[in-house]
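J.: coordinates only, sequence not included:
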Ligand code: BGC
C-alpha cells in the first residue's frame, strides 16, 4: 500500500460491470485494468475473458495488483440447483452447503472468485419476487442456511482453488420491503429487527463470510448504503466483521434519490464514512473520492482502510499467487456427479400439498400433460441463472416422458375431445401451472399472486373429465392457490428446480422418490392477506372462529392455506407420548421434551419433527410460536422413533440489542412439537 497512489487506492474500491460497455466492447475494461482504475469486475464468468483481463492487470498495470471477478452465482452456475427458497424446504442445511460448494467449484473454474450469495433476507410477503432467493420467513431456518451456504462457498480457512468468497446480502432487511414491492422503504421496530430480520446476517458473519452487500432500501429512514450506525456500528463494531462491504448495484449514488444526500459527491462521502468498501457501478467513488480526500484527511485515512480490505480479500483468495483461472478445469463442469446432487436437492425441495391417494401414479401409465410451463426449460432453471446449460435442462414434460407415456397440449383446448366421454385411456391429467422465471426474482413484485385465469379454467376443465387431476405448481414464491385447491386430487409445489427439475418431479409422481419437503414460507389463501407468516404476534384480539371483533378478514378464511413447516408424503405419521422431563425449569436446567413418532402408513417415509416455543408474557411481546429445533427422521412403514429435543432456556428469550444476544426466557412458556407450525401439541412450562 505504501507504493500506491491515492488514485490507485480508489481504483481498488471501484467495481464495474458488463452492462456499461455492452457485451462485446471490452476495450474500456482493458484500459481500466491497465491503469488500475478498477479493483473488480462483475458479470463475467468466461475464464478466457477473465484471464485476458487479469493478464493486463498483473503484467501491464504499474503495481500488478490482480483483479477479482465477481458474479451472481445464486443457485448454481452451469449445474443449476433449485432456487434457494425451494432448497430450504429440504430442511437440510448440509445439502445447501454441498450445492454451494459445487457452485463455488464451477464458479472458480470459470474465473469467478467472488459470488454474490447467499441472500439471507427474511421474506414474509410473497408479493416480493426476491423471496425466491432466500430461505423463507423464519430466522432460525434462515440462520442455519446462511451459515451452511457460506461454508459451502468458502470452504474452511483461506480460499483454495475450488472455493470462492461468499457475500451475504442484502444488509439489511431488504426482504421487509413495504407491500412486497421491490426496492421499497423498510420500516421495522427494534423488536422485529433484532429477533426476526438481523439474525441470519449475523449467522453468516459468524460463519466467517468474507464480504457483505448493502441493501437498496432505506431502513427506518436511512438508506442502508450510507447507514453508518448499521455498517460501521452494528456490522463492524458489534459483530466484529472485518471484510469487504460492497454496495448493491449503484446504491451509493442512489442515496441522492432517497432524498438523503445532497448530491452524488455527498453520497460518496457518506458511503465511505459508513464503511462501504466497494462502490458497485455507482461511479460515485471513482468520480468524487479523490477530490474529497484532498480536502479531508479523514476521508484519506478511510480510503486507506477500505483499500486494505480489498487487498486483504485478494490475498485471502490467493490471487497474488494464482491470479488465473485454470482452463483445464472446464471438463469438471456440469458433470454427472454434480447433476446427481442437483437431483437430490430438487427431489427434496418438492412439497406435496394435497393428495387423495392419486399419487403416486403407476409408472408407465398413460397421462395427459397440460400447460405452457410443462415444456419451459428456462422457467425450470429459475430466476438467477445463466442460459448456457438451458438446452440440456430437463423440463417437466421431458421428465414425465422418462417415466410415463404422455400426451401434451399447452392449453385446455385439447380437453374438448377428452370430456366428450372418451378419456382416451388416460390415468390422470397433470396440469403444470404457476409463474415463469421472469415473473419471479428481482423487480418481479406482483400485486396478484393467484393463478392466472386461463390456468384456473384449464384445471376446472380437466376436473370435468372425471379423471384424477394433479396440479404441479412451478413458482418462485408461495402462490395463493384457493381458486383451484378443491378442484384437484393432488397438488405439489415444485418451484423452479434447476437442471434436472423435470426428472425430480417425475420421480415423485411415480413414487420412486417419496416427497419430504416442508414449506419454509407460508402459502396465503388470497393475495390480500399478505404478509402471512406463522410467527406473528398474538394481538389483544386473536382470531377465534365465529367471533366478531377479532383480528381477521371479513371475506377470507383466517390463516395460511398451507402453513410454514407443512408438507405431506406418501405415508402418514402419528405423534404420541409428548412429554417434558420437567415442566418447572430451574436455573441451570435445560428443557427436555420428547415425542414418539410412528409411521402409521404403508410406505416408508421421512418426517420433519418440529419444535416451537412461546414465551407468554414479555415486554415487548414475543410471537405466538418460533421454531427452535427440528429433526428429520426416516421411518419404515410401522416403525417408531422417540425424538428428543433439549432446549436451553438461556437462548430462547427475547433479543433486545443489535449485539443479538438472546435473554433467558422466563415465566409462563409453551413448547410445541408436531408436523408443522399449526399441527402440533403443546406442553406448558414455567421457567424460573
Ligand atoms: C441485485 C444484487 C446483485 C447485483 C449484481 C443487484 O441488482 O440486487 O443482488 O448481486 O445486482 O448483479
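T.: Structure received. Because the structure is predicted, anything quoted here is derived from the model rather than measured. Residues are numbered from 1 along each chain as shown.

J.: show me what contacts the closest residue to residue 89 other than its chain neighbours?
T.: Sequence neighbours aside, residue 517 is the residue nearest to residue 89 in space, at 3.8 Å (criterion: Cβ to Cβ, 6 or more residues apart in numbering). Quick note: C-beta positions are derived from backbone N, CA and C, even for glycine. Residues in contact with residue 517 (Cβ atoms under 8 Å, 6 or more residues apart in numbering) are 86, 89, 90, 91, 348, 349, 350, 351, 352, 493, 567.

J.: One more: residue 430?
T.: 367, 368, 369, 370, 374, 400, 406, 470, 471, 472, 509.

J.: Please enumerate the strands of the stretch 401-550 of the chain.
T.: Assigned by DSSP state E, counting those that start in this stretch, the stretch 401-550 of the chain shows strands spanning 405-409, 428-434, 469-474, 490-493.

J.: possible to save those as TSV with mean pLDDT and distance to residue 456?
T.: Output for the strands of the stretch 401-550 of the chain, formatted as TSV (pLDDT from 0 to 100; distance: least, Cβ to Cβ, whole Å):
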stretch	mean pLDDT	distance to residue 456
strand 405-409	95	17
strand 428-434	98	8
strand 469-474	98	10
strand 490-493	99	13
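
J.: which one of the ones you listed lies closest to residue 546?
T.: Residue 546 lies closest, by Cβ to Cβ, to one member of the strands of the stretch 401-550 of the chain: strand 490-493, at 28.2 Å.

J.: which helices and strands does the closest one pack with?
T.: With contacts taken as 3 or more Cβ pairs under 8 Å, 6 or more residues apart in numbering; DSSP states H and E, strand 490-493 sits against strand 351-355, strand 469-474.

J.: For stretch 491-511, measure first residue to last.
T.: This stretch, stretch 491-511, spans 15 Å end to end (Cα to Cα, to the nearest Å).

J.: I misspoke; the intended subject was stretch 252-264.
T.: End-to-end distance of stretch 252-264 (Cα to Cα): 8 Å.

J.: Give the full set of residues in contact with the residue nearest to residue 482 when sequence neighbours are not counted.
T.: Distances taken as Cβ to Cβ, 6+ apart place residue 525 nearest to residue 482, at 4.6 Å, with adjacent residues excluded. Going by Cβ under 8 Å, 6+ apart, residue 525 touches 480, 482, 556, 557, 559, 560, 561.

J.: Report pLDDT for the closest residue to the ligand within the stretch 201-350 of the chain.
T.: Nearest residue of the stretch 201-350 of the chain to the ligand: residue 249, at 3.9 Å (Cβ to the nearest ligand atom). Here, the pLDDT recorded for residue 249 equals 95.

J.: burial of the residue in the chain that the ligand sits nearest to, as a residue count?
T.: The chain approaches the ligand most closely through residue 116 (3.5 Å), counting by Cβ to the nearest ligand atom. Residues lying near residue 116 (other Cβ atoms under 10 Å) number 24.

J.: Is it correct that it is in contact with residue 75?
T.: No. Assessed by Cβ atoms under 8 Å, residue 116 is found out of contact with residue 75, at 12.0 Å.

J.: lowest average confidence, helix or strand, in this protein?
T.: helix 415-419 (a mean of 66; mean pLDDT, DSSP states H and E).

J.: give the contact list for residue 309.
T.: Contacts of residue 309 (Cβ under 8 Å, 6+ apart): 242, 243, 244, 245, 277.

J.: What strand or helix carries residue 302?
T.: Following DSSP states H and E, one finds residue 302 within helix 297-316.

J.: Please pick the buried ones from the contacts of residue 309.
T.: The neighbour count (16 or more other Cβ atoms under 10 Å) marks 243, 244, 245, 277 as buried among the contacts of residue 309.

J.: What separation is there between residue 616 and residue 671?
T.: Computed as Cβ to Cβ, to the nearest Å, the residue 616 to residue 671 distance reads 12 Å.

J.: Same question for residue 681.
T.: For residue 681, the distance to residue 671 - Cβ to Cβ - is 9 Å.

J.: So which residue is smack in the middle of this protein?
T.: With distances taken as Cα atoms, centre = their mean, residue 134 lies nearest the centre of the chain, 1.5 Å away.

J.: That one touches residue 119, doesn't it?
T.: Yes. The pair residue 134 / residue 119 is scored as a contact, 4.9 Å apart, by Cβ under 8 Å.

J.: on that earlier part again, what residues sit buried inside the helix holding residue 302?
T.: 299, 302, 303, 306, 307, 309, 310, 311, 313, 314, 316.

J.: And for stretch 149-157?
T.: Those would be 149, 150, 151, 152, 153, 154, 155, for stretch 149-157 by 16+ other Cβ under 10 Å.

J.: Tabulate those residues in CSV, adding columns for distance to residue 58 and secondary structure.
T.: Shown next, in CSV, are those (distance: Cβ to Cβ, whole Å; DSSP: H, G, I helix; E, B strand; the rest coil):
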residue, distance to residue 58, secondary structure
149, 30, helix
150, 28, helix
151, 30, helix
152, 29, helix
153, 24, helix
154, 24, helix
155, 24, coil
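
J.: coming back round to it: gap between the nearest residue to the residue of the stretch 201-350 of the chain closest to the ligand once chain neighbours are set aside and residue 491?
T.: Spatial nearest neighbour of residue 249, excluding adjacent residues (Cβ to Cβ, 6+ apart): residue 281 at 5.1 Å. Applying Cβ to Cβ, the value for residue 281 to residue 491 is 42 Å.

J.: And the two? Which one has more around it.
T.: Neighbour count, other Cβ under 10 Å: between residue 281 and residue 491, residue 491 has more, with 25 against 20.

J.: what are the bridge partners for the more buried one, then?
T.: residue 354, residue 471 (DSSP bridges).

J.: give me every residue that touches it.
T.: Residue 491 sits in contact with 352, 353, 354, 355, 470, 471, 473, 481, 484, 485, where contact means Cβ under 8 Å, 6+ apart.
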